[in-house]
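Fold the stuff below for me.
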Amino acid sequence: MSDQSLHIAAIILIIILGLLGWKIVSVSVGPVKVELEPPETPALDRFLDSTALECPGAPDQRVRVGDDVWVCTMSDRLIVHKQPRLSSAEIIRLAPGTYLTIIDGPVCVDSYLWWRIRTDSGAVGWVVEGGGGSDIYFICPEE
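Residues are numbered from 1 along each chain as shown. As a prediction, this is how the structure comes out:
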């Protein structure tokens, strides 16, 4: 393959990844190096219906996209993450009783069901539906 063919293939690949939500972080000109950041939601998860998702280790799913929910922990604040994984940056912590709207998900990562939420104040991020310990569920559907 010629250098020109490799450059064209790289450009096509970057365009496809861009359409799937990947972001270009940096580009070098020679020899071509491109650093990409993955999308917040894995691309295939965007096409999944928000019906019950099997997630080994997580409590049964009780919410779905479009639901209004509230933080139902006994006393702990709910951590809102930038991306759906425990190692992701923390955006904010929400007090028990805070109301949220589910806008995307679920995603099974780290043996937790993750939901993308929006708070009444406009904060958007990812939260875990439930776990273990004294609080089986961290978010609960409005009744």
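
which helices and strands does whichever helix or strand residue 107 is part of pack with?
Per DSSP states H and E: residue 107 is located in strand 99-109. If contacts are counted by 3 or more Cβ pairs under 8 Å, 6 or more residues apart in numbering; DSSP states H and E, strand 99-109 sits against strand 68-71, strand 112-119, strand 124-128. For glycine as for every other residue, the C-beta is placed from the backbone atoms N, C-alpha and C.

which helices and strands sit right next to the longest one?
To tie it back to what came earlier, the one meant is strand 112-119. By 3+ Cβ pairs under 8 Å, 6+ apart, strand 112-119 packs against strand 78-81, strand 99-109, strand 124-128.

among these, which is nearest residue 15?
strand 99-109 (24.1 Å; Cβ to Cβ).

What pairs with that closest one, parallel or antiparallel?
For strand 99-109, the pairing partners within the sheet under DSSP bridges are strand 68-71 (antiparallel), strand 112-119 (antiparallel).

Could you list the buried residues of the last one?
Put plainly, it is strand 112-119. Residues 112, 113, 114, 115, 116, 117, 119 are the ones in strand 112-119 that count as buried (16 or more other Cβ atoms under 10 Å).

my read: residue 127 touches residue 113, true?
No: contact criterion Cβ atoms under 8 Å: residue 127 and residue 113 do not qualify, at 9.7 Å.

if we can go back for a sec, just the helices and strands packed on strand 112-119: most buried one?
strand 124-128 (a mean of 22; mean count of other Cβ atoms under 10 Å).

Stretch 13-21 - what's its average pLDDT?
Per-region confidence: stretch 13-21 scores 72 on mean pLDDT.

Give me the buried positions along it.
14, 17.

and that stretch, how far from the chain's centre?
Stretch 13-21 sits 18 Å away from the centroid of its parent chain (Cα atoms, centre = their mean, to the nearest Å).

next helix or strand past the least confident helix or strand in the chain by mean pLDDT?
Taking mean pLDDT, DSSP states H and E as the measure, the helix or strand of the chain with the lowest value is strand 23-28, at a mean of 69. Using DSSP H and E, the next helix or strand after strand 23-28 towards the C-terminus is strand 33-37.

Check what pLDDT the most centrally placed residue in the chain gets.
Geometric centre of the chain, nearest residue: residue 84, 3.6 Å, by Cα atoms, centre = their mean. The per-residue pLDDT reported for residue 84 equals 96.
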